[in-house]
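Colleague: Quick one, structure for this:
(one chain, ligands or ions: 1)
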Amino acid sequence: MASRDEEGVQVRLRHIVEVGQFDRPLVEDIFKRADHMRSIPRAETPLQGLILATLFYEPSTRTRLSFESAMMRLGGHVISTENAREFSSAIKGETVEDTVRIVAGYADAIVIRHFEQGAAARAASVAAVPIINGGDGPGEHPTQALLDLYTIKHELGRIDNLKVALVGDLRYGRAARSLALLFRLTTGTELYFVSPPNVPMGDDVRQALSEKSIGFRDETNLLDVLPEVDVVYQTRIQRERFDSTAEYEAARGIYVIGEEALRRMKPEAILLHPLPRVDEIAPEVDPDPRAAYFRQAHNGVFVRMALLDLLLNR
Ligand code: CP
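Modeller: Predicted coordinates:
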């Protein structure tokens, strides 16, 4: 899927489907590009004349709009279907593969979000233009993981030798899954999985971490974990992923970050969340300087500008 330039950086990344496609030099390169994008002059429009299609079969605020903003900030154009499940020809029975074959004739790259795990990989297998996975069911959310790790670098100055608590829905939460997998590119990382009993981190992620000797352990008491960690990555319990209301109710409301949690966190730690939040971070937490989740969402534009530039500016 990729080849290397003289500095060892993968320059021929065709699609972005899962974090396993990245290596450390490529991630460092993306972060450097994202830093550049923070202050790119308005007159610099490297993607002028190119078109990005955003094909979203599930709701989104951040991923869709930040990709669209990123494309437009680089001088490109956007075509979009924000509710492709109902308002594209999917409702008439068209397959993802056929839709992507068609949209590839209208755009130079496609960001796709779909409710089925593996849908982005299926799209990439038939697409004549780059496919970017904007989230595939409970599978992966690779660009979210990149912006999460970029935020950690930006806030703490490093991505190695960190203790990180991943909190909430780790079974269906694609952002937490992708971030855990991306930590395989780091050293000295210790992960704490703090999830309700019915939504633990999957065995596939545990196996992948073990293969790279990334330490992880399950914890049930969030308040005990907080004084130890450098990063708290809180996530939403996703009502839409559960088969029954009873299962959802069993998982929600167990781990909530409020004032007591803030008192327990290290002074230099940060609190992240891929957002949207429901009630798992109290609004009183927002003014605390360690609450980095809105800065994190803003970083999404710079990281997605970097990714579009990497894929399209050749
Ligand atoms: N973090 C994230 O994926 O947010 P959206 O669902 O709003 O895109």
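
Colleague: can we go C-alpha only for contacts and neighbour counts from here?
Modeller: Will do.

Colleague: Could you list the buried residues of stretch 119-134?
Modeller: Across stretch 119-134, burial judged by 16 or more other CA atoms under 10 Å covers 119-121, 123-124, 127-134.

Colleague: Do it and the ligand come into contact?
Modeller: No: contact between stretch 119-134 and the ligand is absent, the nearest approach being 7.3 Å (criterion: CA under 6 Å from any ligand atom).

Colleague: who touches that stretch?
Modeller: For stretch 119-134, contacts defined as CA atoms under 8 Å, 6 or more residues apart in numbering pick out 14-18, 63-64, 96-97, 100-101, 104, 107-114, 135-136, 140-143, 311.

Colleague: got a list of what the residue of the stretch 201-314 of the chain found nearest the ligand touches?
Modeller: At 4.2 Å from the ligand, residue 274 is the closest residue in the stretch 201-314 of the chain, using CA to the nearest ligand atom. Neighbouring residues of residue 274 by CA under 8 Å, 6+ apart: 144, 148, 175, 234, 235, 293, 296, 297.

Colleague: Make JSON lines from the residues you listed and add distance to residue 51 to it.
Modeller: JSON lines is the format used below for the contacts of residue 274 (distance: CA to CA, whole Å):
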{"residue": "144", "distance to residue 51": "22"}
{"residue": "148", "distance to residue 51": "26"}
{"residue": "175", "distance to residue 51": "26"}
{"residue": "234", "distance to residue 51": "34"}
{"residue": "235", "distance to residue 51": "32"}
{"residue": "293", "distance to residue 51": "29"}
{"residue": "296", "distance to residue 51": "26"}
{"residue": "297", "distance to residue 51": "23"}
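
Colleague: Out of those residues, name the ones that lie in strands.
Modeller: With DSSP state E as the criterion, strands contain residue 234 from among the contacts of residue 274.

Colleague: which two in the buried residues of stretch 119-134 are spaced the farthest apart?
Modeller: 128 and 134 (17.9 Å; CA to CA).

Colleague: where does the chain dip in pLDDT?
Modeller: For the chain, residues meeting the criterion pLDDT under 70 lie at 1-12.

Colleague: what sits against the most centrally placed residue in it?
Modeller: The centroid of the chain falls nearest to residue 144 when counting by CA atoms, centre = their mean (1.5 Å). Counting by CA under 8 Å, 6+ apart, residue 144 makes contact with 63, 175, 178, 179, 274, 300.

Colleague: how about 10 Å then?
Modeller: By CA atoms under 10 Å, 6 or more residues apart in numbering, residue 144 lies in contact with 19, 62-63, 133-135, 150, 174-176, 178-179, 274, 296-297, 299-300, 303-304.

Colleague: In helices, which of the residues you listed appear?
Modeller: Among the contacts of residue 144, DSSP state H puts 62-63, 150, 174-176, 178-179, 296-297, 299-300, 303-304 in helices.

Colleague: Neighbour count added to the residues you listed, as CSV?
Modeller: Listed next are the ones in helices among the contacts of residue 144 as CSV, based on neighbours: other CA atoms under 10 Å:
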residue, neighbour count
62, 17
63, 24
150, 27
174, 22
175, 27
176, 28
178, 24
179, 23
296, 24
297, 22
299, 24
300, 27
303, 30
304, 26
